[in-house]
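Structure for this input, please:
(one chain, ligands or ions: 2)
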Amino acid sequence: MAGLPSGGAAATGDVHRAPVTTGVIYGTGMSAGRPGPETGLREYRQAMTTSSIDLKQYIRGIPDFPKPGILFYDISTLMRNADAWQIAMGRLTAAVAPWSVDMLAAIESRGFLTAAPLASRLGCGLVMLRKPGKLPGQTISYDYDLEYGTDSLHIQADAIVPGQRVVVMDDLLATGGTLAASIALLRKVGAEVVGAATLIELRSLGGRDRLDVPVKTLVAYDD
Ligand SMILES: O=P(O)(O)OC[C@H]1O[C@H](OP(=O)(O)OP(=O)(O)O)[C@H](O)[C@@H]1O
Ligand SMILES: Nc1ncnc2[nH]cnc12
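Ligands and ions are numbered 1, 2, ... in the order given. Model (predicted):
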């Protein structure tokens, strides 16, 4: 399928979507109701992606997880709300679409959640960047330093056709170490990395300064 404009989605995927019962968005900025006889699906999608709602209200901050002193930004609460998640994916699609992407690269594990719906909306391919021992067949790896110790990301050796335009995706940009390693790995297999995109950015950690590609994020926290 050809690339869809911002927020577009394959009709079959939406038509069979389970009805939303949480309804948090209604009365908080959404102007359209459920798709039905009086609101067409196209208008509904349009309203969802142009909505001015603040996605922060759906992201939960959990103190001291996974260790003391860390404020964990939990996207589970955003994903649980079908409308809020739809809006988030619509906005991310609009941000990434201008890069004319051949392939999205999804970072394990929460990056899978943002990249898969986007690849479907953009009509582009999807490849996984995984922790060691997860991908079958020949893989290429890249080792990188963590605060304590090292980690490694792998990609299937034949995942990228050299020169393909690739955008790397995750849920959150913190120090930028994971995205920097992902970009290095993608270049190792011949990708032209044209950008990186995440839902959340923790600005105070300066992660985007470590990256030598354009970065788009939807929601930023300064603390
Ligand atoms: O910018 P950085 O400092 O590198 O941090 C961001 C990374 O940390 C989190 O992943 P985590 O390692 O918690 O794995 P998960 O996605 O499997 O939960 C997050 O999903 C990013 O991948
Ligand atoms: N504060 C944070 N919340 C959620 N995921 C993270 N990954 C790295 N830092 C994080």
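
and residue 220, what element?
strand 215-221 (DSSP states H and E).

Which strands or helices does the longest helix anywhere in the chain pack on?
Longest helix in the chain, counting residues (DSSP state H): helix 82-96. Using 3 or more Cβ pairs under 8 Å, 6 or more residues apart in numbering; DSSP states H and E as the contact definition, the elements that helix 82-96 packs against are helix 41-50, helix 76-80, helix 110-122, strand 192-202, strand 215-221. Glycine gets a C-beta too; all of them are placed from N, C-alpha and C.

between that helix and helix 110-122, what angle do the directions make?
Angle of helix 82-96 versus helix 110-122, following axes from the mean of the first three to the mean of the last three Cα atoms, to 10 degrees, is 70 degrees.

I'd like the distance from the helix or strand following helix 82-96 to the chain centre, please.
Using DSSP H and E, the helix or strand that directly follows helix 82-96 along the chain is strand 103-107. Remark: strand 103-107 is offset 9 Å from the chain centroid, using Cα atoms, centre = their mean, to the nearest Å.

Over to stretch 117-129?
10 Å.

Buried ones in that stretch, by neighbour count?
Residues 117, 118, 119, 120, 121, 122, 124, 125, 126, 127, 128, 129 are the ones in stretch 117-129 that count as buried (16 or more other Cβ atoms under 10 Å).

which residue is nearest the middle of the protein?
Nearest to the mean C-alpha position of the chain, by Cα atoms, centre = their mean, lies residue 114 at 3.0 Å.

Residues of this protein that sit close to ligand 2?
Contact residues, the chain versus ligand 2 (Cβ under 6 Å from any ligand atom): 70, 71, 72, 73, 172, 174.

what about this structure, any weak spots by pLDDT?
Counting by pLDDT under 70, the ranges of the chain that qualify are 1-42, 44-50.

Near ligand 1, which residues of this structure are found?
Counting by Cβ under 6 Å from any ligand atom, the residues of the chain near ligand 1 are 107-110, 170-178, 207.

Among the residues you listed, which lie within strands?
107, 170, 171, 172, 173 (DSSP state E).

could you redo those as TSV and give each row distance to residue 56 and neighbour count?
Listed next are those as TSV, based on distance: Cβ to Cβ, whole Å; neighbours: other Cβ atoms under 10 Å:
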residue	distance to residue 56	neighbour count
107	22	25
170	18	27
171	14	19
172	13	22
173	16	26
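
From those residues, pick the one nearest ligand 2.
Closest approach to ligand 2 among those (Cβ to the nearest ligand atom): residue 172, at 4.6 Å.

Specify the beta-bridge partners of that closest one.
Beta-bridge pairing for residue 172 (DSSP bridges): residue 200.

That one against residue 196, yeah?
No: applying Cβ atoms under 8 Å as the test, residue 172 and residue 196 come out as separate, 11.7 Å apart.

what residues are up against the residue nearest to the centre of the chain?
By Cβ atoms under 8 Å, 6 or more residues apart in numbering, the residues touching residue 114 are 89, 92, 106, 169, 170, 171, 197, 198, 199.

same thing with residue 108?
128, 129, 130, 131, 134, 153.

before we move on, back to that, for residue 187, state which of the buried residues of stretch 117-129 is nearest.
Distance to residue 187 across the buried residues of stretch 117-129 (Cβ to Cβ) is lowest for residue 129, with 12.4 Å.

ok but the closest one is inside a strand, no?
Yes: assessed with DSSP: H, G, I helix; E, B strand; the rest coil, residue 129 lies in a strand.

gap between it and residue 55?
25 Å (Cβ to Cβ, to the nearest Å).
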